[in-house]
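**Student:** The sequence isn't on hand, but the structure is:
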C-alpha cells in the first residue's frame, strides 16, 4: 500500500488540473453565451414591440390622410358648384371667373386621374 501511495503521489497532477481548468472555462463560456442570448432576446422583443407600435401609428396616419383627401374632394366639389352658380348670375367679371377656372384646371392636371385629376 505504501508503494501505491508513493506512486500516486509521484504522479504528475498536470492532466487533472488541466482538465479541471478546461472544464471551468467551458462552463464560464457557456454562461456568457447564455447571458448574451438572453440580452439579444430581450432586445429583439423590445424592437418587435416598437415595430408594432410604429405599424399602428402608420395605419392611423394613413387613415387620417385618406379622410383628409375625402374632405378635400368634398370641398373642391362645393367650390366648383359655387363657381357654376356665380357664373350663371348676370353681371359677373368673366375675366376673373376664367382665371379661377384656369387655376382649377391646372391644379387638376397635376393630380392623378384616380384622385379626380384630368389627363394633360
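**Tutor:** On my side now, so go ahead. Fair warning: this is a prediction, and the values are worked out from it, not measured in the lab.
**Student:** tell me, how many neighbours does residue 69 end up with?
**Tutor:** Here the number of neighbours of residue 69 (other Cβ atoms under 10 Å) works out to 12. The C-beta positions use only the backbone N, C-alpha and C, and glycine is treated the same way.
**Student:** which helices and strands does the helix or strand hosting it pack with?
**Tutor:** Following DSSP states H and E, one finds residue 69 within helix 14-88. Contacts defined by 3 or more Cβ pairs under 8 Å, 6 or more residues apart in numbering; DSSP states H and E place helix 14-88 against helix 94-109.
**Student:** ok, and what's touching the helix it packs on?
**Tutor:** Applying Cβ atoms under 8 Å, 6 or more residues apart in numbering, the contact partners of helix 94-109 are 80, 83, 86-87, 116-118, 120.
**Student:** Next, the angle from it to helix 14-88.
**Tutor:** Interaxial angle, helix 94-109 versus helix 14-88 (axes from the mean of the first three to the mean of the last three Cα atoms, to 10 degrees): 150 degrees.
**Student:** and residue 78, what pLDDT?
**Tutor:** At residue 78, the model reports a pLDDT of 91.
**Student:** Check residue 120 too.
**Tutor:** Predicted confidence (pLDDT) at residue 120: the value is 69.
**Student:** which among the contacts of helix 94-109 end up buried?
**Tutor:** The neighbour count (16 or more other Cβ atoms under 10 Å) marks nothing among the contacts of helix 94-109 as buried.
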